[in-house]
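In: predicted model and sequence follow; I will ask about them next.
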Amino acid sequence: MNLKKKLVTSATTIAVGAMATIGGTFAYFSDEVTATSKFTNGTINLQPEAPYLEHFTLTNWKPGDKLEANNDNQEPAMVLNNQGTLPMNVFMDVDVSSVKGSSDAIYVTELKYGGIDLLPKYQPGPDGKLSLAELATQSTGNTTLNGTTHTGIGKFIGNLDAPDANSTTDKPIKAVTYVLDFTDTGINQNTLMGDETSINFKFTGLQYEGETFSQQNGNIDNNSTGGGGNFQRTDNVNNADTVDRNN
């Protein structure tokens, strides 16, 4: 074979080899499958916000006067509602101030959340009385959530369910009801005249502890006796423990 033919043959071989290399990605059988999964995060939405949360401004307050807010639908009972998708633990922090000491003369004779008596949480005195000043002192509290300590959050007063996703009328609501009594001590209380007492209630809603989801734990399922399918939650999101959440 002469040199010219050898060169042509070599060039042809190289070209065919290059084409085989380029086209090699299409030279095998293949198949693929996909699965798209999704997380949708829940929401915490404690309502109503100020200025719509019930409050009061009473003037000419005097010894012997009493403020009753002990019906859920009666202002100024503070009615809390959950407009999120997650249930929550509710904490209450109370800050009280007065210039002349009226906070020591006004007593909390009733305090409830969702109809549950809260007064024992605030350690009233031997006579069963709890002044506003003592309520503020005893309202401090910490809690732990998912291993992290949250300080200064207030006292745990109970939970608040999430709305039923299948109901258009279900609105989880609980009220903080109370009775305040400006006690007449039977002696001169003139030093308290003209005093002003300020009470600030702060409510915080915190999510429940994180969970581990697995078929073994019984909180997800694919509604099938076989494999595959779409795994969804099977638990009740509002299930809650009954322990006190304060440390």
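Out: Sure thing, it's come through. Numbering: from 1, shown residues only.

In: low-confidence ranges, this structure, go.
Out: For the chain, the stretches flagged by pLDDT under 70 are 1-26, 72-74, 165-170, 242.

In: one more time with 90, if that's ok
Out: The chain contains residues with pLDDT under 90 at 1-28, 35, 49-55, 70-77, 124-129, 164-172, 215, 218, 222-247.

In: centre-most residue in this structure?
Out: residue 206 (2.9 Å; C-alpha atoms, centre = their mean).

In: mind listing the residues bridging to that residue?
Out: Beta-bridge pairing of residue 206 under DSSP bridges involves residue 89.

In: contacting residues for residue 112?
Out: By C-beta atoms under 8 Å, 6 or more residues apart in numbering, the contact set of residue 112 is 70, 118, 176, 177, 178. Where C-beta positions appear, they are placed from N, C-alpha and C, glycine not excepted.

In: what helix or strand does it sit in?
Out: Assigned by DSSP states H and E, residue 112 belongs to strand 106-113.

In: next structured bit after that strand?
Out: strand 116-117.

In: neighbouring contacts of the very next helix or strand once past that next one?
Out: Sequence-wise, the next helix or strand downstream of strand 116-117 (DSSP H and E) is helix 132-138. For helix 132-138, contacts defined as C-beta under 8 Å, 6+ apart pick out 94-96, 98, 103-104, 106-108, 111, 121-125, 130, 155, 180, 197, 199.

In: C-terminal to helix 132-138, what's the next element?
Out: Immediately after helix 132-138, counting by DSSP H and E, sits strand 143-145.

In: helices or strands next to that following strand in the packing?
Out: strand 148-150 (3 or more C-beta pairs under 8 Å, 6 or more residues apart in numbering; DSSP states H and E).

In: which residues touch the strand it packs on?
Out: Here strand 148-150 has contacts from 142, 143, 144, 206, 247, using C-beta under 8 Å, 6+ apart.

In: parallel or antiparallel, list what pairs with the very next helix or strand once past that strand.
Out: Proceeding N to C from strand 148-150, the next assigned helix or strand is strand 155-160, under DSSP H and E. Counting by DSSP bridges, the strands paired with strand 155-160 are strand 88-98 (antiparallel).

In: the strand it pairs with vs strand 106-113, what angle?
Out: 170 degrees (axes from the mean of the first three to the mean of the last three C-alpha atoms, to 10 degrees).

In: buried residues, strand 88-98. List them.
Out: 88, 89, 90, 91, 92, 93, 94, 96, 98 (16 or more other C-beta atoms under 10 Å).

In: going along the chain, name the helices of this structure.
Out: Taking DSSP state H, the helices of the chain run over residues 3-22, 132-138.

In: could you dump stretch 117-137 to CSV, C-alpha only?
Out: The C-alpha coordinates for stretch 117-137 follow below in CSV (Å, rounded to 0.1, in the frame of the first residue of the first chain):
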residue,chain,number,x,y,z
ASP,A,117,-57.7,27.8,88.0
LEU,A,118,-54.2,29.4,87.7
LEU,A,119,-53.9,30.9,91.2
PRO,A,120,-52.0,28.0,92.7
LYS,A,121,-49.2,28.5,90.1
TYR,A,122,-48.5,31.9,91.6
GLN,A,123,-48.2,30.7,95.2
PRO,A,124,-50.7,32.9,97.0
GLY,A,125,-50.0,33.6,100.7
PRO,A,126,-51.4,31.5,103.6
ASP,A,127,-54.6,33.5,103.5
GLY,A,128,-55.0,32.6,99.9
LYS,A,129,-54.6,36.1,98.7
LEU,A,130,-52.3,37.3,95.9
SER,A,131,-51.6,41.0,95.3
LEU,A,132,-50.9,42.4,91.8
ALA,A,133,-47.3,43.0,93.0
GLU,A,134,-47.0,39.3,94.0
LEU,A,135,-48.5,38.2,90.7
ALA,A,136,-45.9,40.1,88.8
THR,A,137,-43.1,38.7,91.0
